[in-house]
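Chemist: any chance you can model this:
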Amino acid sequence: MAVNLAGGLCIGAKTLTNTPPKKSDAHHHALGQHPLLAGLDDAMPLRTFSPDQLNSVAAEIRDVLCNLLATRTAHFASNLGVVELCLALHCEFDFRSDRLVWDTGHQIYPHKLVTGRYHQFPSIRTRGGLMGYPNPHESVYDLFMTGHAGCSVSTAVGLRSGDVVGGQPDRRTVAVIGDGAFPSGIVFEAMNNAGELGDDLTIVLNDNKMSICPRVGAVADYLDRLRSNPFYTGLKSEVVKLLERVPMFGDPAERLLAQMKEGVKAGLLGGMLFEELGIRYVGPIDGHDIALVRKYLAMARETSGPVLLHVVTEKGHGYKPAAEDPVYFHTPPAFNDDAGTLTTQKSDGHPPYTLHAREAIRKAMTEDQRVTIITAAMCQGNKLEPVREKFPDRFFDVGICESHAVAFAAGQCKTGLRPIVDIYSTFLQRSYDQIFQEVALQDLPVTFLLDRAGLTGPDGPTHHGLFDIGYMRVFPNMVCMAPGYAAETGMMLDAALHHDHPCSIRYPKASAIELDHVPAPIEIGKCEVIREGADGTIVAFGAMLEQAIAAAESLDGDLDVGVINARFVKPMDEAMVHDTVAGGKFVVTVEEGARMGGFGSAFIESAVQQRLDTRAIRVLALPDEFIDHGDRNELLHDHGLSPVAIAQACRDAVPTGVH
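Modeler: Okay, here's the model as predicted:
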């Protein structure tokens, strides 16, 4: 049994009782516990369903979602919140030919369930199963892999423009974007373009007052004011129509009355910001009332030009604990609910690097009043809540605006502060130009913490942090390092904050091992020798040190293999490269990142620069392809980065005639 939906499911104005399933495994799921969903080969039949049937489908969707959480971690509260919106969209559009783009994409589960993927759904977020984000390889209903926030409006404007240019103006285009992603700069760039083009387009603003954490910023305040406006769309429209009928008398009087009319319209008609951009604003409306949402989607579909439909939903809707604590239930660990008592499945491993980084940040901010912390709507993901509570004046959440976060940090640096920018590796890519122009070019001592660097497991290709080694080390003035074990995390942050140049520190979504030794002090550009080896050396960058040590130990009695904790990819430890390569012994470099431009590439560059023989160097890294989702250890094994694979690479690298 998975989750007891205490109090029933709140669907619009109705409350549907729900009998908790007795099992949550794939076999029970496939037997047809959810008959309406099981009968959907695609979304078209929804258009013929009665209101009661649609409410029943909503109940089935929530039941499936709750069962899923008994087996594995998954995005939960966001999916519960869009059930009715999803159903209304598929009732009013035919997205086999019409266009639908879900921004960010982690709320895609209801969409997958009604577009013919119900029977595959138990496989979601497992190796070889459904992706937890939209995936064009799975269905014609998915147009883009959307794992980063903010791009849906831009791609929707492009889709609509392409259909117009291509002679298919009857195809309708819809972008669904949440209020957390809405302040992203690219959204306003897209709306600016959409208003100028004037093409038919529906932007659904899904406003649940949340990002992953409670959203921040002036745009959030503006949406709050729109939501609290007592005038509903219909009344406001009637008032505006009445004002349009007021006659004008003479030039001065006409100008004065026109100003008065515009003032009244601005006060009564919400969304004037969008109206001024050339986008018709409609709303706010209740996003859990399927009939109401359908009505306004139909209105938007028939309206000429771009329309923004403001839909208000509740994150976690239908499951009381998730609605009351949507931050925790955004991606909760697997749990069971027994009559309201939650039992969470906890990991027995070592604390993750993220927690070690959090404690290092807290220590640094305690010791130095110049240190600030900047995050981009990921306070919870980066485990920074205690830091926010202790240092509210030096904690800055800028929302899903990574480019701004980096430029903001550069500005703080110019005043003498020492900002730490704590952003997932995959999301920091969005600020590439600011890292170049505002930080590296100015040689400002911003410290970048790249969380989730490497394989992020079930989140898949949109979230794997595989490219930061290549994109950070190319910049002059930048120092790039990675801890190989727990104690190094704080040591590296301390070294970065005392270094008067930009620094980046990468670490994975993984447990941090503890080594039974006294760590060597951190010296910029210097490695740490873990064990000596007469036959060859494994040089590990970052958290792959754990696998490297295990591989070397497994070879004892066969090969005498040393292990080096590289610590730095830039500056590379030139002396270490020389000493490991010059003697003719094999060297195997290991990294949890892309092979192209990664640590192994930097190692070989150094060896070539020193005119060393590179024939005995083997580079183990992730291939030049986008890596699918799956358990981290499974993915490491699949791509030759397990201890067994590293040990075999050592055997294969032994020069001919040795052993």
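
Chemist: and what about the residue nearest to residue 288 when sequence neighbours are not counted, helix, strand or coil?
Modeler: In space, and not counting its chain neighbours, residue 288 is closest to residue 84: 4.8 Å by Cβ to Cβ, 6 or more residues apart in numbering. Heads up, the C-betas are built off the backbone N, CA and C, glycines and all. Following DSSP: H, G, I helix; E, B strand; the rest coil, the label given to residue 84 is helix.

Chemist: quick check, residue 84 in contact with residue 290.
Modeler: Yes: contact criterion Cβ atoms under 8 Å: residue 84 and residue 290 qualify, at 4.9 Å.

Chemist: in terms of neighbours, single out the busier of these two.
Modeler: residue 84 (29 against 24; other Cβ atoms under 10 Å).

Chemist: give me the domain ranges for this protein.
Modeler: 9-229+270-338, 353-506, 528-653 (automatic domain parsing).

Chemist: would you list these in a markdown table and tack on distance to residue 521 and mean pLDDT?
Modeler: A markdown table is the format used below for the domains of the chain (distance: least, Cβ to Cβ, whole Å; pLDDT from 0 to 100):
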| stretch | distance to residue 521 | mean pLDDT |
| --- | --- | --- |
| domain 9-229+270-338 | 37 | 82 |
| domain 353-506 | 8 | 95 |
| domain 528-653 | 9 | 95 |
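
Chemist: quick one: which of these is nearest residue 522?
Modeler: Taking Cβ to Cβ, domain 353-506 is the member of the domains of the chain nearest to residue 522, at 4.2 Å.

Chemist: so how far does that closest one reach from one end to the other?
Modeler: With Cα to Cα, to the nearest Å applied, domain 353-506 spans 10 Å between its terminal residues.

Chemist: tally of neighbours for residue 415?
Modeler: 8.

Chemist: got the phi and psi for it?
Modeler: phi -90, psi 0 (degrees, to the nearest 10).

Chemist: from residue 408, how far off is it?
Modeler: 12 Å (Cβ to Cβ, to the nearest Å).

Chemist: same question for residue 171.
Modeler: 40 Å.

Chemist: repeat that for residue 448.
Modeler: For residue 448, the distance to residue 408 - Cβ to Cβ - is 13 Å.

Chemist: neighbour count winner among the two?
Modeler: residue 448 (27 against 21).

Chemist: touching, that one and residue 429? I think so.
Modeler: No: counting by Cβ under 8 Å, residue 448 sits too far from residue 429 to count as a contact (11.9 Å).

Chemist: count the residues that sit near the nearest residue to residue 493 once chain neighbours are set aside.
Modeler: Nearest residue to residue 493, sequence neighbours excluded (Cβ to Cβ, 6+ apart): residue 360, at 4.4 Å. Residue 360: 21 surrounding residues under other Cβ under 10 Å.

Chemist: phi and psi next, for residue 360.
Modeler: phi -70, psi -40.

Chemist: what's the answer for the one 5 residues further on, then?
Modeler: Backbone geometry at residue 365, expressed as degrees, to the nearest 10, gives phi -70, psi -30.

Chemist: likewise the one 4 residues further on?
Modeler: In terms of degrees, to the nearest 10, the main-chain angles of residue 369 are phi -70, psi -10.

Chemist: ok, for it, nearest residue in space, not its chain neighbours?
Modeler: residue 394 (8.0 Å).
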